[in-house]
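> could you work out the structure for the sequence below:
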Amino acid sequence: MLDPEDFTCAKAQDPFQLEVDELSIGSRRIKGAKLSISYEASWRVKIDLSDQVDDLEALDLLITDNTAVYFSEKGKDYPIIITKASLGGSGKVVTGTLQREPLALAYHEEYQTISGILLSPPKLIMRDILLTDADGRNFRIRPFGAHNEYLAHISTESQGNTDHFYGTFNEIFDFFTFLKGLHCGIGHMIAQGFDGTVAARAVGFTRHDDCKSKTGWFDQSLQKALPDLFSKFSCSMKKPLLHKAIRQGLSFYRASNASRDVSIEMSIIASHSALEAITNYILEHLAGWSKAMRTDRTTSFCDKLRAAVVFMGVDVNILEHSPQAEALSRNRNMDAFEMISFIRNKIVHQDAKYVPKALELHETWLVMQWLTEVLILGMVGYEGEIVDRRIYTGWSGKKCVLKFRH
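So this is what the prediction gives:
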């Protein structure tokens, strides 16, 4: 299997060998088979079985899907989905893919180190980043740089059980989702045992978003702040209710970014849901609102969001970079929070008398995503500069400074 240290976009297309206990093709069993594996342009796993099947098996796979193909490792069976089968002048071609990715294979109970690949990380300066979580585990991220900026190497010397070695990176996955605003993939891992042998390996990658990253709060100029921010983020994720609120918020935040090129309306609905998840936590667990206050039907969401923002100490004009949204707010005698709910409700409930303009929608979405970023950063305890995504004209990367209530 290709060493993650040597992984590049080009080498990922080259086949590597994965030896398994047994390969089954119909009723035939091949002991100690070596699977030829590579990654497609989409980063899906490609398994080339052309040298493993005979002509009759290839013909059977071509005309019927009744032939079961799977491999076995440590007593577990892993189905292979056949994606192509052909016989002709160019020769015999049979390829497949995994039913589920990534494929994690454990050979020993404990591991000492893990090395793997981050797929589609945010744009980073080509410099090692050392992150330490709340449990004292160190993670080293090394961007690959030119021609391979779609990749980064990640490693840790933390020790653990191979049954859960993917879980070692859960916080890293959430953290990088927050940095980029979209899912990064993690995969192609090798875990080393205490005796230097391979304790576990993973083929394939977790889900990731191929769509273009939207301008969010993070850019390369803030890379130096990542160790401190990740430490705060990790500590926050150890608190069960805060962990749940952040993950819920990030799920909707990511969905909003991912759907922006498809539907601005869908992006606004998702962003509104992110603010709902975060606002509820702030009011209940930080501001001390009672259940009666939170469930009072006379209190609208815009009132709750306003209260959460005020409690966190965000004391700025949130529409200062949104001229169209500010004009709408002023003309209809609404503040920014009422305007957010107004736009959201006009999307969900049709109104023949008013259809939001394109820039009103875009600016409202930017403000909502900015509020989501600001409130999450406030909950984890970060203060300092961030990219102000509300500014969508002129030079990119313009900053604002966050300071919260203590």
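
> burial measure for Lys34, as a count.
Residues lying near Lys34 (other Cβ atoms under 10 Å) number 14. (C-beta placed from N, C-alpha, C; glycine too.)

> list the contacts of it.
17-20 (Cβ atoms under 8 Å, 6 or more residues apart in numbering).

> can you check Cys235 too?
So, once contact is read as Cβ under 8 Å, 6+ apart, Cys235 ends up touching 134, 380.

> what ranges does the stretch 251-400 of the chain have for its helices?
264-281, 291-295, 301-312, 323-331, 336-348, 358-380 (DSSP state H, counting those that start in this stretch).

> confidence-wise, which of these is weakest overall?
Note on the helices of the stretch 251-400 of the chain: helix 291-295 shows the lowest mean pLDDT, a mean of 88.

> that one - contacts with which helices or strands?
Helices and strands touching helix 291-295, as assessed by 3 or more Cβ pairs under 8 Å, 6 or more residues apart in numbering; DSSP states H and E, are absent.

> measure how far stretch 397-406 is from the centre of its chain, please.
In terms of Cα atoms, centre = their mean, to the nearest Å, the centre of stretch 397-406 is found 24 Å from the chain centre.

> with stretch 264-273 instead?
Chain-centre distance of stretch 264-273: 18 Å, with Cα atoms, centre = their mean.

> what comes up buried for whatever helix or strand Thr83 lives in?
Counting by DSSP states H and E, the element that carries Thr83 is strand 76-86. Of all the residues in strand 76-86, those buried under the rule 16 or more other Cβ atoms under 10 Å are 80, 82, 85.

> tell me the contacts of the second one?
Contacts here follow Cβ under 8 Å, 6+ apart; on that basis Ile82 touches 49, 61, 65, 69, 94-96.

> now those residues: which count as buried?
By 16+ other Cβ under 10 Å, the contacts of Ile82 give 49, 61, 69, 94-96 as buried.

> next structured bit after the strand holding Thr83?
Moving toward the C-terminus from strand 76-86, the next helix or strand (DSSP H and E) is strand 93-98.

> contacts for that next one?
44-50, 52-53, 57-58, 61, 69, 78, 80-86, 203-204.

> one step back: Leu241 is nearest to which of the helices of the stretch 251-400 of the chain?
Leu241 sits nearest to helix 264-281 of all the helices of the stretch 251-400 of the chain, at 6.8 Å, using Cβ to Cβ.

> what's the angle between the closest one and helix 358-380?
30 degrees (axes from the mean of the first three to the mean of the last three Cα atoms, to 10 degrees).

> starting at the chain centroid, how far to helix 264-281?
Relative to its chain's centre, helix 264-281 lies at 17 Å (Cα atoms, centre = their mean).

> repeat for stretch 67-84
Relative to the centre of its chain, stretch 67-84 is centred 28 Å away, using Cα atoms, centre = their mean.

> now do that stretch, average pLDDT.
Per-residue pLDDT over stretch 67-84 has a mean of 92.

> measure that stretch end to end?
14 Å (Cα to Cα, to the nearest Å).

> and stretch 293-308, how far apart are its ends?
13 Å.

> strands of the stretch 51-200 of the chain, start to end?
69-73, 76-86, 93-98, 103-106, 110-111, 113-119, 129-132, 138-143, 151-156, 160-161, 185-192, 198-205 (DSSP state E, counting those that start in this stretch).

> among those, which comes closest to Gln220?
Using Cβ to Cβ and comparing the strands of the stretch 51-200 of the chain, the one that lies nearest Gln220 is strand 138-143, at 9.9 Å.

> in its sheet, which strands sit next to the closest one, and in what direction?
Looking at strand 138-143 with DSSP bridges, its partner strands are strand 129-132 (antiparallel), strand 151-156 (antiparallel).

> sorry, back to before: quick one: which of the contacts of Lys34 is nearest Ser300?
Once Cβ to Cβ is applied, the member of the contacts of Lys34 that ends up nearest Ser300 is Leu18, at 56.6 Å.

> could you dump the buried ones among the contacts of Ile82 to a markdown table with distance to Ala325?
Below are the buried ones among the contacts of Ile82 laid out as a markdown table (distance: Cβ to Cβ, whole Å):
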| residue | distance to Ala325 |
| --- | --- |
| Leu49 | 56 |
| Leu61 | 57 |
| Val69 | 56 |
| Val94 | 56 |
| Thr95 | 51 |
| Gly96 | 51 |
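
> wait, Ser273 touches Tyr253, no?
No: in this structure Ser273 lies outside contact range of Tyr253 using Cβ atoms under 8 Å: 9.2 Å.

> neighbour count winner among those two?
Set side by side, Ser273 and Tyr253 show more neighbours around Tyr253, with 28 against 19, by other Cβ under 10 Å.

> so for that one, what's the pLDDT?
The per-residue pLDDT of Tyr253 was computed as 97.

> picking up where we left off before, for Trp217, which of the helices of the stretch 251-400 of the chain is the nearest?
helix 358-380 (4.3 Å).

> and the closest one, what does it pack against?
Judged by 3+ Cβ pairs under 8 Å, 6+ apart, helix 358-380 is in contact with helix 226-237, helix 240-258, helix 264-281, helix 301-312, helix 323-331, helix 336-348, strand 384-387, strand 399-402.

> out of those, indicate the one that is most buried.
helix 264-281 (a mean of 21; mean count of other Cβ atoms under 10 Å).

> quick one: that one to helix 301-312, angle?
Orientation note: helix 264-281 sits at an angle of 60 degrees relative to helix 301-312 (the same axes, to 10 degrees).

> what's in contact with helix 264-281?
Residues external to helix 264-281 that are found in contact with it (Cβ under 8 Å, 6+ apart): 241-242, 245, 248-253, 255-257, 259-260, 294, 301, 304-305, 308, 340, 343-344, 347-348, 358, 361-362, 364-365, 368-369, 371-372, 375-376, 379.
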